[in-house]
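*Asks:* Here is a sequence with its predicted model. Questions after.
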Amino acid sequence: MTEDGVRIEAEHRPSDGGTSGAGNPAYEGCAIVVAHGFTGALERPAIRRAAEVFAEFAGVITFSFRGHGGSGGRSTVGDLEVLDLDAAVGWARRLGYRRVVTVGFSMGGSVVLRHAARSPEALAGRTEAPAAGRLGGVPDAVVSVSAPARWYYRGTAPMRRLHWVVTRPAGRLVSRLGLGTRIHPREWDPVPLSPIESAALIAPTPLLIVHGDQDAYFPLDHPRSLAGAAGDAAELWIEPGFGHAENAADDALLRRVGAWLGTV
């Protein structure tokens, strides 16, 4: 259950005790919380595969954002989703994990940035939401994959289509019936802190920004802007041939992300 009363489906996968994280104390008592992209859910094959790979290193929490999968509520496309992530991080800590890291893809990548920002404004949702606070606490490390730097970006054809889906009644109907994603009809008010503003507030928490040079949604100025805002606390990977988010992330890239989490 989130702070604003939305019931969120989530699953816990203990570490499989594989060799990837064996012998590294950074993985002892560690959980990786995975935040999917828009229209994703914990039962989607790409998230199942990511959880399987990350379980080679640590315990894994997957969940579905509000309006997605079996979770309640309606999607606010990156606004109140920060409360969903916070609930998942809090659950990981209640399960006894001493170190909790977050890995987010696309929309989830923007949400992990806002959640990690050391500012109450970063967690503030809409005016009707209760005062936001970190039930789960600040994460111990953050990985943002294929995230936007700015809100309302319409510079690519996929993002123009996404804005049609989100802002038009016909688009929201298509999303509900065709994509299984229920979208809230109201516009953001107030507009949440942007990913680039959030990135500047994350230090000293370690931050990894991952982006593909074949991303059809967000060009490379987005990850470079995020890394520039984050400063020395951030590491930037521009991945040759990588497309967008969890559906394009192969096992090799996921294992490199898991390995990075053991170095910080």
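*Replies:* Sure, I can see it. Residues are numbered from 1 along each chain as shown.

*Asks:* So, low pLDDT: which residues of the stretch 101-250 of the chain?
*Replies:* For the stretch 101-250 of the chain, the stretches with pLDDT under 70 are 119-135.

*Asks:* all helices of it, in order?
*Replies:* Per DSSP state H, counting those that start in this stretch, the stretch 101-250 of the chain has helices spanning 107-116, 120-123, 157-167, 169-174, 195-199, 221-230, 245-248. These are given in chain order.

*Asks:* Would you mind getting the angle between the third one and helix 107-116?
*Replies:* Put simply, helix 157-167 runs at 70 degrees to helix 107-116, going by axes from the mean of the first three to the mean of the last three Cα atoms, to 10 degrees.

*Asks:* Which secondary structure elements does helix 157-167 sit against?
*Replies:* In terms of contacts (3 or more Cβ pairs under 8 Å, 6 or more residues apart in numbering; DSSP states H and E), helix 157-167 is packed against helix 169-174. Any C-beta I mention is one placed from the backbone N, CA and C, and that applies to glycine too.

*Asks:* Alpha carbons only: can I get the helix it packs on in CSV?
*Replies:* The C-alpha trace of helix 169-174 is given here as CSV (Å, rounded to 0.1, in the frame of the first residue of the first chain):
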residue,chain,number,x,y,z
PRO,A,169,-9.7,10.4,-24.4
ALA,A,170,-9.3,8.1,-27.4
GLY,A,171,-5.7,7.5,-26.6
ARG,A,172,-6.5,6.6,-23.0
LEU,A,173,-9.1,4.2,-24.2
VAL,A,174,-6.5,2.6,-26.5
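
*Asks:* before we move on, the earlier item: quick check: which of the helices of the stretch 101-250 of the chain is buried the most?
*Replies:* Neighbour counts (mean count of other Cβ atoms under 10 Å) averaged over each of the helices of the stretch 101-250 of the chain peak at helix 107-116, with a mean of 30.

*Asks:* Dump it to PDB, restricted to CA.
*Replies:* Output of helix 107-116 as PDB, limited to C-alpha atoms (Å, rounded to 0.1, in the frame of the first residue of the first chain):
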ATOM      1  CA  MET A 107       9.300   6.200 -16.900                       C
ATOM      2  CA  GLY A 108      10.700   4.200 -14.100                       C
ATOM      3  CA  GLY A 109      14.100   5.700 -14.800                       C
ATOM      4  CA  SER A 110      12.700   9.200 -14.100                       C
ATOM      5  CA  VAL A 111      10.900   7.900 -11.000                       C
ATOM      6  CA  VAL A 112      14.100   6.500  -9.400                       C
ATOM      7  CA  LEU A 113      15.800   9.900 -10.000                       C
ATOM      8  CA  ARG A 114      13.000  11.800  -8.200                       C
ATOM      9  CA  HIS A 115      12.800   9.200  -5.400                       C
ATOM     10  CA  ALA A 116      16.600   9.500  -4.700                       C
END
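
*Asks:* any chance of the helices of the stretch 101-250 of the chain in JSON lines, with distance to Pro148 too?
*Replies:* JSON lines is the format used below for these (distance: least, Cβ to Cβ, whole Å):
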{"stretch": "helix 107-116", "distance to Pro148": "6"}
{"stretch": "helix 120-123", "distance to Pro148": "15"}
{"stretch": "helix 157-167", "distance to Pro148": "8"}
{"stretch": "helix 169-174", "distance to Pro148": "19"}
{"stretch": "helix 195-199", "distance to Pro148": "6"}
{"stretch": "helix 221-230", "distance to Pro148": "6"}
{"stretch": "helix 245-248", "distance to Pro148": "11"}
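
*Asks:* And the next helix or strand past whatever helix or strand Val53 lives in?
*Replies:* Using DSSP states H and E, Val53 sits in helix 45-54. Later in the chain than helix 45-54, the nearest helix or strand by DSSP H and E is strand 59-63.

*Asks:* Show me the contact partners of that next one.
*Replies:* Applying Cβ atoms under 8 Å, 6 or more residues apart in numbering, the set of residues contacting strand 59-63 from outside is 8-15, 30-36, 42, 47-48, 50-51, 54, 71, 84-85, 87-89, 91-92, 95, 97.

*Asks:* For it, could you pull out the residues that count as buried?
*Replies:* Residues of strand 59-63 classed as buried: 59-63 (neighbour count, 16 or more other Cβ atoms under 10 Å).
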